[in-house]
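Participant: structure for the following, please:
(2 chains)
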Amino acid sequence: MATFAHRNRRSGRRSPLTSAALLLIGLLATGGAYAAFTATSSADAASQTQVTKLTEEGEKLFAANCASCHGLQAEGTEDAPTLIGVGAASVDFQVGTGRMPMAASGPQAEQKPVQFTEEQIAALATWVASLGPGPAIPDERYLQGDGDLAVGAELFRINCAMCHNVAGAGGALTQGKFAPGVVGVSAKHVYEAMITGPQNMPVFNDANISPEDKSAIITYLQYLETSTSPGGLELGSLGPVSEGLFIWIFALGGIVAITVWLTAKSN
Amino acid sequence: MTVTATTTETTASEATAETQVEPGKGMRFVNWGANYIEDRTSLSGFVKELGRKIFPDHWSFMLGEVALYSFVVILLSGTFLTFFFQASMTHVVYDGSYAPLKGVGMSAAMASTLDISFDVRGGLLMRQVHHWAALLFVASVGLHMLRVFFTGAFRKPRELNWVVGFVLFVLAMGEGFTGYSLPDDLLSGNGLRIIDGMVKGIPIIGTWISYLLFGGEFPGEAIVGRLYTLHILLLPALVVAAIGVHLILMIVNKHTQFAGPGRTQGNVVGVPIMPVFAAKAGGFFFIVFGVIMLVASLVTINPIWNYGPYDPSPISAGTQPDWYIGFADGMLRLIPPHLETELWGFTITWYILIPIAVLGLFIVLVAIYPFVEAWITGDKREHHIADRPRNAPTRTAIGAAGVTFYAVMWAAASSDLIATHFRLSVEGVTHFLQAALILGPIIAYLVAKRVCLALQKKDREIALHGFESGRIVRLPGGEYIEVHERLSDYDRWRLVSYEDYAPLMVRPNAKGRITTGTKIRGVLSRWFFEDRIAPVTRSEIEAAHHDH
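Facilitator: Modelled structure (predicted):
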């Protein structure tokens, strides 16, 4: 299943099933946030019960897995910030990329294998979203990778490259923190990263970068992922450092080996 | 001077040529052509002289050739690029076939580089050949310099050629820098911005020089055109001239060679250029060319399409210069920030001035090292036998210290990548390298010197008593000994024939006075030669033989 989803992502297409599932999660999560504050109309009674069920399940999951750090009502503790108002998107990103529940304390919470199923993540997100309004799970229509490629590339260079490198290969920040590589991250998580600003990443709200422009950035990242490199091996897209090492070790090293061989023959 | 083992061979082949009957049509044409040219230029004397130049056959003597051949590849591929490159900063809107930049405003330089990469047949390959060959050129020049340094091949009469070679190295860096700044992409623009910052950091004249360079406020519209003139006109002319002088001096001075039987200060043993070496060299050219082509066709270099056009606001994580400028970038990263003095309303930016001074001093030291060593050692003799590095422990140790100093600066240029790839913090890496910049060379000096002396001792042991054969023999008395195998005379030669130096004696000059200069020199000379292992003498060898 995992490899299947992965392959789909690579080809830049998404199976209709996944789309439907995502749409459902999105709707449920946004619905959940509203549910906490607005009286529900009887027309949604069915979905309302569904949301309540998710919220309840989320609360249980949270109490079992997250409360030790974030507090029972997600009010925050000494070890971790409050999650009231971080929104469904933040939970979906943090748990969906395996960053939460946080394991070891290091310079930053790092990615691990994801520990929850899609439904469990949705439940957690719905419950956290019900605590206070925050960024919702992004609308599927911005995640298609059909935005303006050139605009996306330019926006990425201007807004993201200083931390993530022009080719999205990642880069160092201060105190042992780093901006990870962003090529190959799912469209939903890219969008969520922009609207929630995990850890040392700034928040890019809709006034900074409009949803259409976010969609363009996602389009560019997907282009980087799917297009083959015109020039051959990319050496990690790290620029002149890897090129310099390559020329010394492989090219000059190879030539020196040849000279040793040539002169050895003549002796 | 040239006593060669092959002179007789040449005459022999001439003799066979004479006895040949009736040359074929092609041969007759060649002969006619040769005569035609000879009648008008009298070149044959020169060609003969050149053809008899002897080339030693140790691999390390071929590094200079690698540099020469990669330069030829640079010229060829560079010429191709000039056909399509537009050295202009006129604003255009890109409309080529690379989708992510379509409709983006950029300079004509950037647009034409993209066209070379995506729309000119073979253009991307030529760009990559040119750039990889440039990296290889500087790398092989560097390695060649290290070979010359560690074997003492820069000593009289070759000091001048060391300086010419050094000038070539600097010119090569200049060529490289002006070259990778041409596409006007984000990476090169950031590099120019750093240069601009350094220039502006020079007190009083800095800002003026910057305005002069860029034809106004950075980045202006002039810089690419100016760099282009330097890159394809002035610098190549200087490089070609310097290579010419370098090769002529090499022919005049002849090659050094490692010690061996039959090899003296007065001859060079190896193969003459004509015909054997020329054939080998031709083949070797194609090997170097082949390696460059292979790398260029398989591996991306400087993907300007990722960097996009230059724009002063963005910068990419992991922005570094090409490797040969890395040491300068590294020095800038190593200098502690905030080193500034406010003086009469002017700010003196030490964090710019100190790196410039350190880099300048380092470079100058490299250039004048032969003269410094000659002065310290007081050695005015000619040297044509290359030193084995261990036999000149102090020089080797100085070299090791220099290499370490350079390497630390170089590593500092990639401090951020070291941090991300080894899971460290950038600050930690920087602080470690700051310490290493000072302690590293000292440690390298001490270790290298000890290692040299130990190796010399081992050589001495082997020369006197042979090497351990691994064969344990039990004597009738019950004693076990390991049989030492005696060296052949040939092998021993390599170990024992090096020159011994004693520290300079401080002597009064003609006026009977000892000047401070002489005193300093005496101290330095003692430092240079104090620790040494004397070469094995004939009587010692004979004595050792009698023992067995």
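Participant: where does the prediction get shaky in chain A?
Facilitator: Scanning chain A for pLDDT under 70 picks out A:1-46, A:265-267.
Participant: now chain B
Facilitator: By pLDDT under 70, the weakly predicted segments of chain B are B:1-23, B:49-57, B:259-275, B:490, B:493-494, B:496-500, B:502, B:545-548.
Participant: now the spatially most central residue of it: closest residue in space that isn't a chain neighbour?
Facilitator: The residue lying closest to the centre of chain B (CA atoms, centre = their mean) is B:Gly142, at 1.9 Å. Excluding its sequence neighbours, the residue lying closest to B:Gly142 (CB to CB, 6 or more residues apart in numbering or on different chains) is B:Phe169, at 7.0 Å. All C-beta atoms are positioned from the backbone trio N, CA, C, and that covers glycine.
Participant: and for A:Tyr142?
Facilitator: Spatially, and ignoring its direct neighbours in sequence, A:Tyr142 is nearest to A:Ser215 (4.2 Å; CB to CB, 6+ apart).
Participant: cool, and B:Lys449?
Facilitator: Residue nearest to B:Lys449 in three dimensions, not counting chain neighbours: B:Ala397, with 3.9 Å by CB to CB, 6+ apart.
Participant: where's A:Ala123, which helix or strand?
Facilitator: Following DSSP states H and E, one finds A:Ala123 within helix A:118-131.
Participant: what's around the residue nearest to B:Lys449, how many residues?
Facilitator: Residues lying near B:Ala397 (other CB atoms under 10 Å in any protein chain shown) number 23.
Participant: surely it and B:Ile442 touch.
Facilitator: No. Between B:Ala397 and B:Ile442 there is no contact under CB atoms under 8 Å: 10.2 Å.
Participant: which parts of the stretch 101-250 of chain A are helices?
Facilitator: With DSSP state H, counting those that start in this stretch as the criterion, the stretch 101-250 of chain A has helices at A:118-131, A:149-159, A:161-164, A:187-196, A:211-226, A:240-246.
Participant: quick one, what contacts the closest residue in space to A:Phe250 that isn't next to it in sequence?
Facilitator: Among residues not flanking A:Phe250 along the chain, B:Val295 sits closest, at 7.2 Å (CB to CB, 6+ apart). Contact partners of B:Val295, counting by CB atoms under 8 Å, 6 or more residues apart in numbering or on different chains, are A:246-247, A:250-251, B:132.
Participant: at 10 Å instead, please
Facilitator: Neighbouring residues of B:Val295 by CB atoms under 10 Å, 6 or more residues apart in numbering or on different chains: A:232-233, A:243, A:246-247, A:250-251, A:254, B:128-129, B:132-133, B:135-136, B:301.
Participant: name the element it belongs to?
Facilitator: Using DSSP H and E, B:Val295 falls in helix B:278-298.
Participant: the helix or strand following that helix near chain A anywhere?
Facilitator: As assigned by DSSP H and E, the chain's next helix or strand after helix B:278-298 is helix B:304-307. Yes. Helix B:304-307 is in contact with chain A by CB under 10 Å from any CB of the partner chain, via B:304-307.
Participant: residues from the stretch 151-300 of chain B in reach of chain A?
Facilitator: Going by CB under 10 Å from any CB, the residues of the stretch 151-300 of chain B near chain A are B:180, B:185-187, B:191, B:270-271, B:276, B:280, B:283-284, B:287-288, B:290-292, B:294-300.
Participant: please repeat the previous calculation with a cut-off of 6 Å.
Facilitator: Residues of the stretch 151-300 of chain B that fall close to chain A, judged by CB under 6 Å from any CB of the partner chain: B:287, B:291, B:295, B:298-300.
Participant: which one among these gets closest to chain A?
Facilitator: Distance to chain A, by CB to the nearest CB, is smallest for B:Thr300 among these, at 3.2 Å.
Participant: quick one on the thing from earlier: check which helix or strand the residue nearest to the centre of chain B maps to.
Facilitator: In the assignment (DSSP H and E), B:Gly142 maps to helix B:123-150.
Participant: and the angle for that helix with helix B:278-298?
Facilitator: Angle between the axes of helix B:123-150 and helix B:278-298 is 130 degrees (criterion: axes from the mean of the first three to the mean of the last three CA atoms, to 10 degrees).
Participant: toward the C-terminus, what is the element adjacent to helix B:123-150?
Facilitator: Downstream of helix B:123-150, the first helix or strand assigned by DSSP H and E is helix B:159-180.
Participant: what residues does that next one touch?
Facilitator: Contacts to helix B:159-180, defined as CB atoms under 6 Å, 6 or more residues apart in numbering or on different chains, come from residues B:134, B:137-138, B:141, B:154, B:188, B:227, B:230-231, B:235, B:238-239, B:242, B:245-246, B:249, B:322, B:324-325, B:367, B:370.
Participant: if I take it and helix B:123-150, what angle do their directions form?
Facilitator: Going by the same axes, to 10 degrees, helix B:159-180 makes 150 degrees with helix B:123-150.
Participant: just give the strands next to the longest strand along chain B in its sheet, each with its orientation.
Facilitator: Ordering each strand of chain B by length in residues (DSSP state E) puts strand B:467-474 first. Strand pairing for strand B:467-474, using DSSP bridges, gives strand B:480-485 (antiparallel).
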